[in-house]
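>>> Could you look at this predicted model? Sequence included:
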Amino acid sequence: MPAEYRKMHSKYMAAYQKSRVRANIGKQRQVTILRSDGIEMPMWICLGEYLDGEKRRFLATFLPVDPSRDTSLDAALLLNGGAGTDSPDDLSDATLSSYT
């Protein structure tokens, strides 16, 4: 995680733990990630949360940003847990192959 995001992440987490206002949870946004080899690159992220017993856990789903792809489909895939429509069967093979 790049340094500027680390600072924001700590601030967002502290604010959420205190207020439980979902400023970023369930919303898709573009961020810059830091790969282990030091290269920064843009990604789509969608955050979710769930309870594991009594412990609150968070889940981040990432998709690469590709300017040649329709970003509305990226948003649908992130926000619907990987299915851009009501059923994954509704997606064409061409659409699915662009994500592999």
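Right, received. Where do you want to start? Residues are numbered from 1 along each chain as shown.
>>> Next secondary structure after the helix ranked longest in the chain?
Criterion DSSP state H: the longest helix present in the chain is helix 3-19. Next helix or strand after helix 3-19 toward the C-terminus (DSSP states H and E): strand 28-34.
>>> And the pLDDT for Thr100?
Per-residue confidence (pLDDT) for Thr100: 37.
>>> brain fart, Gly38
The score at Gly38 is 90. That number is its pLDDT.
>>> Tell me, how many residues neighbour it?
Close neighbours of Gly38, defined as other CB atoms under 10 Å, add up to 6. Backbone N, C-alpha and C define where each C-beta goes, glycine included.
>>> Also Lys27?
Neighbourhood size, Lys27 [other CB under 10 Å]: 13.
>>> and what of Lys18?
Neighbour count for Lys18, taken as other CB under 10 Å: 8.
>>> Pass me the low-pLDDT residue ranges in this structure, would you?
The model of the chain has pLDDT under 70 over residues 67-100.
>>> longest single strand anywhere in this protein?
Looking across the chain with DSSP state E, the single longest strand is strand 40-52.
>>> related to what we said a few turns ago, now do the longest helix of the chain: everything it contacts.
Met1, Val21, Arg22, Ala23, Asn24, Ile25, Val31, Thr32 (CB atoms under 8 Å, 6 or more residues apart in numbering).
>>> Could you check how far the first one is from Asp37?
Separation of Met1 from Asp37 (CB to CB, to the nearest Å) stands at 14 Å.
>>> Equivalent analysis for Ser19, please.
37 Å.
>>> same deal with Asp52?
Going from Asp52 to Asp37 by CB to CB gives 32 Å.
>>> Over to Pro2?
Distance, Pro2 to Asp37, by CB to CB: 14 Å.
>>> list the contacts for the residue nearest to Leu34 when sequence neighbours are not counted?
The spatial neighbour of Leu34 that comes closest, neighbours along the chain excluded (CB to CB, 6 or more residues apart in numbering), is Pro2 at 4.9 Å. Contact analysis of Pro2 by CB under 8 Å, 6+ apart lists Thr32, Ile33, Leu34, Glu40.
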